[in-house]
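> Quick one: sequence plus predicted model below, questions after.
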Amino acid sequence: MGPTQLTLLEQAQLAGSAEGLPIGLLPGQIEVESRWNPNAAGHNKGGSVDRGIAQINSVAHPEITDAQAYDPAFAIPWMAKEMAGLIARCGSVVGGLEAYNSGRCSGDTGYASAVLAAAKRYGYQGQPYLVAKGAGGSAQAPVGISASAYSLALIFLSVGLLVLILFGGRSRREVAEGGQEE
């Protein structure tokens, strides 16, 4: 390996970071999907094939050629971008993982649990949300909290900060009297 070539792990960490994925998530997912084998192939009932390091399904993604699917330089960034989109669509890391595995945002969480356990070995610390590239800088609601409750909490937090800034920590009595307490 030359001095400028990146290892597969480094490629996964960079691709995940570029898409705003939590640290360690993509490496953990690759470990579960293919055990880091760029030539992995999983033959499914119905004739589809899960191809390469990212196990890109031939029926779900016919636009991806075999050459692309088996090329880590293509497959790893593709997987990161796909995961960022799925997490944004499903509203959580677990939902995004389930959608990557089954096409549905919910269901059997066995796959997500396996990926998250593996991800911890790569630095994942249980972040339940992300700020995905292109998401306009707004975080997804944490797992188990509805989007409306999360938005309301952010509004209350913002109002509280505004009050603190405007009144500088003075008590209500100080504000009413226009001065400071003695």
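Okay, I see it.
> quick one: least confident helix or strand in the protein?
One helix or strand of the chain scores below all others by mean pLDDT, DSSP states H and E: helix 147-167, with a mean of 57.
> Now do the strands in this structure.
Here the chain has its strands, by DSSP state E, at 41-43, 49-51, 56-57.
> Ranking the ones you listed by mean neighbour count, which comes first?
Most buried of these by mean neighbour count (mean count of other Cβ atoms under 10 Å) is strand 56-57; its value is a mean of 22. In this view, the C-beta of every residue, glycine as well, is placed from N, C-alpha and C.
> Next one, pLDDT for the residue lying closest to residue 111 once chain neighbours are set aside please.
Of all residues beyond its chain neighbours, the one nearest residue 111 is residue 101 (4.2 Å), with distances taken as Cβ to Cβ, 6 or more residues apart in numbering. Per-residue confidence (pLDDT) for residue 101: 94.
> What is the burial count for residue 101?
22 (other Cβ atoms under 10 Å).
> Can we start the residue count at 56 from this point?
With the count now opening at 56, the last piece we talked about shows up as residue 156.
> ok, it to residue 97 distance?
12 Å (Cβ to Cβ, to the nearest Å).
> With residue 106 instead?
8 Å.
> Do me a favour and get the end-to-end distance for stretch 72-79?
Terminal residues of stretch 72-79 are spaced 9 Å apart (Cα to Cα, to the nearest Å).
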